[in-house]
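> here is a sequence together with a model predicted from it:
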Amino acid sequence: MPDRYLKISDLPDTLKVFPLRGVILLPRSTLPLNVFEPRYLALVNDVLAGDRLIGIVQPSVDDDGNESPQGKDIGLRHTGCAGRLTAYQETDDGRYLITLSGVCRFSVSHEENTDAPYRMCAVDWKSFAGDLEQGRGEDEVDRDRLVSVLKKYLKANKLSADWDGINNSSNELLVNTLSMISPYGPEEKQALLEAGDLKTRAEVLTALAEMELASNEAGGGSTLQ
């Protein structure tokens, strides 16, 4: 992966996109997907025959609350992240179980008009060229504070964690993975995706957890969506 994408010129001008509400992908983190809709089965088939890159982007509005809205009328968020399809399995009932490995964020320039059942977008990578540098900004992350808040959050919600895995994770992997699996709503997830650097993303993640803890302590209930 690192040798394949060294600079933004190694990335395509257009991407096949998979709109998913409440789901984000971040560089060098992995996203498993269970693909069963015909439009996305077609997307995976075409991606396998091409550059293996899929853009994960949230729909901007979805009044029905669907995870992935039907049709091509609902707008898309301006920022998403491309992932390379790095694992693939076809099930007996025709589904695809795939894994995407995050490569680089992108800005959506405009949507392409195609006959494909899925959506395609022209994209711009320039604002996120730093995503291609593994570990960029790790030294700026306040890991002690992040881990301390994580422990409090897990205890308050009676959750467990793989602490061996956490302790052995790099700051980049820890921050990005926690951002992806965090149980927050679409707006919070988008804020985590759009954070300018790793330090800022860790600060947003920590602040969200602290607000949740404070709300629960005050008897206000969960702020999660």
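Great, that's in hand. Numbers count the residues shown, from 1 in each chain.
> need phi/psi at the residue nearest to Ala191 when sequence neighbours are not counted.
Of all residues not flanking Ala191 in the chain, Val204 sits nearest, at 5.7 Å (Cβ to Cβ, 6 or more residues apart in numbering). Placement of C-beta: from N, CA and C, glycine included. When read as degrees, to the nearest 10, the backbone of Val204 gives phi -60, psi -40.
> checking Ser148 next. Helix, strand or coil?
helix (DSSP: H, G, I helix; E, B strand; the rest coil).
> okay, now it: neighbour count?
For Ser148, the neighbour count with other Cβ atoms under 10 Å is 12.
> got the confidence number for it?
At Ser148, the predicted lDDT confidence score is 95.
> tell me how far Val35 lies from Asp142.
Look at Val35 and Asp142: by Cβ to Cβ, to the nearest Å, they are 37 Å apart.
> same deal with Gly75?
35 Å.
> coming back round to it: so for Val35 and Asp142, which sits in the more crowded spot?
The residue with more neighbours, out of Val35 and Asp142, is Val35; 20 against 14, by other Cβ under 10 Å.
> so who does Leu41 touch?
35, 94, 96 (Cβ atoms under 8 Å, 6 or more residues apart in numbering).
> now the host helix or strand of it: buried residues?
Leu41 belongs to helix 38-48 when assigned by DSSP states H and E. By 16 or more other Cβ atoms under 10 Å, the buried positions in helix 38-48 come out as 40-41, 43-44, 47.
> could you dump these into JSON lines and include pLDDT and distance to Ala214?
Below are the buried residues of helix 38-48 laid out as JSON lines (pLDDT from 0 to 100; distance: Cβ to Cβ, whole Å):
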{"residue": "Tyr40", "pLDDT": "96", "distance to Ala214": "39"}
{"residue": "Leu41", "pLDDT": "97", "distance to Ala214": "44"}
{"residue": "Leu43", "pLDDT": "97", "distance to Ala214": "42"}
{"residue": "Val44", "pLDDT": "97", "distance to Ala214": "42"}
{"residue": "Val47", "pLDDT": "97", "distance to Ala214": "43"}
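> between the residues you listed, which is nearest Pro183?
Tyr40 (23.9 Å; Cβ to Cβ).
> so who does that closest one touch?
18, 68, 118.
> ok, Asp142 to Asp115 distance?
For Asp142 relative to Asp115 (Cβ to Cβ), the value is 49 Å.
> check contacts around the residue nearest to Tyr96 when sequence neighbours are not counted.
In space, and not counting its chain neighbours, Tyr96 is closest to Val35: 4.2 Å by Cβ to Cβ, 6+ apart. Contacts for Val35 (Cβ under 8 Å, 6+ apart) come out as 41, 43-44, 95-98.
> before we move on, what about Leu208?
Leu208 touches 182, 184, 188, counting by Cβ under 8 Å, 6+ apart.
> now the helix or strand hosting the last one: how far from the chain's centre is it?
Taking DSSP H and E as the definition, Glu188 sits inside helix 186-194. Between the mean C-alpha point of helix 186-194 and the mean C-alpha point of its chain there is a distance of 9 Å (Cα atoms, centre = their mean, to the nearest Å).
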